[in-house]
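>>> model the structure of this input:
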Amino acid sequence: QVQLVESGGGLVRAGDSLRISCALSGRAFSAFDMAWFRQPTGREREFVGGIKWNGSGENYADSVKGRFTISRDNAKSTVYLQMSGLKAEDTAVYYCAARPMWGSTWWTPADMEHWGKGTLVTVSS
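As a prediction, the model looks like this:
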């Protein structure tokens with residue numbers, strides 16, 4: 001059974017940087033494409049960034065391009081989201097998600113099979 005556990009969220013100021021992490025257990029991490037989504041209060045869950053099982057094919061939402069970087073360490077079964085130049089509108093619960101490497105090539109919530117419980121990132125202006 002795949003489990004995803006996020007960590008590293010918190011309260012930061014606008015302009016600060018923050019790195020959040022997500023550890024996968026229960027199956028071979030290298031068999032999964034990984035992604036980060038976020039859900040601001042009262043809004044739908046939205047794609048932030050995705051990375052293929054072998055570390056290639058990074059993909060980002062336009063709203064975070066140039067500020068956020070997704071990366072993975074297959075030896076540690078962990079995916080990261082490095083966030084810089086944070087803005088108040090980045091405030092949200094951030095969710096880690098996984099899908100099998102042979103699955104969809106799209107990055108929507110419906111394309112992901114496993115989800116973490118989320119970590120809250122709050123950016124004060």
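>>> centre-most residue in this protein?
Among the residues of the chain, the one closest to the centroid is W36, at 2.0 Å (CA atoms, centre = their mean).
>>> check whether the closest residue to it other than its chain neighbours sits in a helix, strand or coil.
Of all residues not flanking W36 in the chain, V48 sits nearest, at 4.3 Å (CB to CB, 6 or more residues apart in numbering). (Glycine included, C-beta is placed from N, CA and C.) With DSSP: H, G, I helix; E, B strand; the rest coil as the basis, V48 sits in strand.
>>> need the strands for the protein, in chain order.
Residue ranges of the strands in the chain, as given by DSSP state E, are 3-7, 10-13, 18-25, 32-39, 46-51, 59-60, 68-73, 78-83, 92-100, 114-115, 119-124.
>>> can you get me a residue count around the nearest residue to V93 once chain neighbours are set aside?
The shortest distance from V93 to any residue other than its chain neighbours is 4.2 Å, reached at G118 (CB to CB, 6+ apart). The tally of other residues near G118 (other CB atoms under 10 Å) stands at 18.
>>> also A61?
So A61, with other CB under 10 Å, has 16 neighbours.
>>> dump the residue contacts of it.
A61 makes contact with 46-49, according to CB atoms under 8 Å, 6 or more residues apart in numbering.
>>> and which of those is nearest K87?
The shortest separation between K87 and any of the contacts of A61 is 13.3 Å, and it belongs to V48 (by CB to CB).
>>> for S30, see how far away that closest one is.
22 Å (CB to CB, to the nearest Å).
>>> before we move on, the earlier item: give me whichever of the strands of the chain is most buried.
Between the strands of the chain, strand 32-39 has the highest mean count of neighbours, a mean of 24, where neighbours are mean count of other CB atoms under 10 Å.
>>> what pairs with that strand, and is each one parallel or antiparallel?
strand 46-51 (antiparallel), strand 92-100 (antiparallel) (DSSP bridges).
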